[in-house]
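Enquirer: my questions concern the predicted model and sequence given below.
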Amino acid sequence: MSWNRGIRQTHRWLSIAFTLVVIANIVVLGLEAPPVWVAYLALPPLLLLLLTGLYLFVLPYASRSRGSTQRSD
């Protein structure tokens, strides 16, 4: 498995995890007295999504500047 494919797959799984955490966050915040730390649970997957998303965004431009004709997965 190449790095690009692994990063892309990680980004997909992180998006699923982020969606589930946001849904759980909405459910928990609907309770009477939600704990404060629940609001911060979505931040770690969001940060990782940002990093992997930026990598995937820059990837076509970086390969074009190297003169590579190889297609990234």
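Expert: That came through fine.

Enquirer: correct me, but L29 touches W37?
Expert: No. Counting by Cβ atoms under 8 Å, L29 does not reach W37; the two are 11.8 Å apart. C-beta coordinates here come from the backbone N, C-alpha and C atoms, glycine included.

Enquirer: so what does E32 have for phi and psi?
Expert: phi -60, psi -50 (degrees, to the nearest 10).

Enquirer: spatially central residue for the protein, please.
Expert: L49 (2.1 Å; Cα atoms, centre = their mean).

Enquirer: so it touches L14, yeah?
Expert: Yes. Using Cβ under 8 Å, L49 is in contact with L14, at 5.0 Å.

Enquirer: can you show me the helices along the chain?
Expert: Remark: helices of the chain, listed N- to C-terminal, are 3-29, 43-65; assignment by DSSP state H.

Enquirer: hmm, back to that, out of L29 and W37, which sits in the busier spot?
Expert: L29 (11 against 7; other Cβ atoms under 10 Å).
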